[in-house]
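In: No sequence on hand, only this structure:
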């Protein structure tokens, strides 16, 4: 039986999650519908624009993304520290960027005097909104609902646009996070719609390369969770990898996927794989089959056992698959 969302997402286990939403219709989310010949390519921009807008509102960081023809991938980081650091007024202001709030919150923003009971109610709502601002379910809900409404209006129809709820995987350690990010960034290359990461439209890796090449350019000034280096000893929160090492690894893996040299990475094994003690054959398999072979919780056996104990799982999922790839 599938686990409810609250049993899959635990900040005590990990702040990193891989989320996937798929289109339910025959018509594509983006690209060209082969049955009608109509192009929906512009919808990729809808998703990317909304994604960055929500990343600026929610206390959730965007680590990686890839917007494909009929689905999209996200790797998200729940930033609890940022959410807890918001003041009472900041939570209300931020929530009002998403929704209209309620009569009492609107009254408070206008500077009207609130009754004691009204203030007590508003405090409860603010605590609730603070939790929502670091909840991936709310993030995905707003993103998917917005795109569905736009697509339905364009198609002049009603009904479901997405295939049920989004799927999620908890990324429990650095190896799982690295493999998942590379899997997401390499989606267009695996699908043979791009030859290189820098040519992969509507992906985080293309954005990161553009930002590295043109740091002052306004069109590349979009918020992605930053790399802080392998040691990650500074106070700034970020991805625990060096960006140039990550880029080298993705470039090398992408070249291998494109050349279809299964089980082999050209030249020397990239430094990041040596650090994480992963062999190239396992790495290449993961970057092709991460989503299909690994479910729910992803990481080392020790980490999975630890998290299952915290979450009260009677049966440990995905243990054999993870044991084959993660030390």
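Out: Perfect, thanks for sending it. Since the structure is predicted, the reported quantities are computational estimates derived from the model, not experimental observations. Numbering: from 1, shown residues only.
In: top helix in the chain by residue count?
Out: helix 136-155 (DSSP state H).
In: residues making contact with that one?
Out: Residues outside helix 136-155 that contact it (CB atoms under 8 Å, 6 or more residues apart in numbering): 5, 9, 17, 19, 21, 27, 29, 43, 46-47, 50-51, 54, 58, 60, 76, 78, 98, 132, 158-162, 166, 168. In short, each C-beta sits where N, CA and C put it, glycine included.
In: Give me the subset of these that lies in strands.
Out: Cross-referencing those against strands under DSSP state E gives 17, 19, 21, 60, 76, 78, 168.
In: Can you name the two of those that sit furthest apart?
Out: Comparing every pair within these by CB to CB identifies 21 and 78 as the most remote, at 17.7 Å.
In: related to what we said a few turns ago, kindly give a single PyMOL line that selects the buried subset of the contacts of helix 136-155.
Out: If you want just the buried ones from the contacts of helix 136-155 in PyMOL, going by 16 or more other CB atoms under 10 Å, the selection is:
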select buried, resi 9+17+19+21+27+29+43+46+47+50+51+54+58+60+76+78+98+132+161+162+166+168
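In: Residue ranges of each domain in this protein, please.
Out: Per automatic domain parsing, the structural domains of the chain span 8-86+134-172, 88-132, 173-293.
In: Now mean pLDDT and distance to residue 306 too, for those domains, in TSV please.
Out: Shown next, in TSV, are those (pLDDT from 0 to 100; distance: least, CB to CB, whole Å):
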stretch	mean pLDDT	distance to residue 306
domain 8-86+134-172	89	8
domain 88-132	95	24
domain 173-293	78	10
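In: so which of those domains comes closest to residue 312?
Out: domain 8-86+134-172 (10.4 Å).
In: Give me the distance from the closest one to the chain's centre.
Out: Relative to the centre of its chain, domain 8-86+134-172 is centred 8 Å away, using CA atoms, centre = their mean, to the nearest Å.
In: OK, contacts around residue 182?
Out: Contacts of residue 182 (CB under 8 Å, 6+ apart): 246, 249, 250, 253, 286, 287.
In: again, but for residue 179
Out: Going by CB under 8 Å, 6+ apart, residue 179 touches 283, 286, 287, 290, 325.
In: from these, which ones fall inside strands?
Out: Among the contacts of residue 179, no member falls in strands (DSSP E).
In: of these, closest to residue 242?
Out: For those, the minimum distance to residue 242 (CB to CB) is 17.1 Å, reached by residue 283.
In: Give me the contacts around stretch 121-132.
Out: 83-84, 86, 88, 91-92, 94-95, 102, 104-105, 108, 114, 138.
In: Now restrict those residues to buried residues only.
Out: 83, 86, 91, 92, 94, 95, 104, 105, 108, 138.
In: For the residues you listed, give me TSV that also has distance to residue 64 and secondary structure.
Out: Listed next are the buried ones among the contacts of stretch 121-132 as TSV, based on distance: CB to CB, whole Å; DSSP: H, G, I helix; E, B strand; the rest coil:
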residue	distance to residue 64	secondary structure
83	21	helix
86	25	coil
91	28	helix
92	31	helix
94	24	helix
95	27	helix
104	39	helix
105	34	helix
108	38	helix
138	20	helix
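In: In a markdown table, list these along with distance to residue 144.
Out: As requested, those are exported to a markdown table (distance: CB to CB, whole Å):
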| residue | distance to residue 144 |
| --- | --- |
| 83 | 21 |
| 86 | 24 |
| 91 | 23 |
| 92 | 25 |
| 94 | 20 |
| 95 | 19 |
| 104 | 28 |
| 105 | 25 |
| 108 | 30 |
| 138 | 11 |
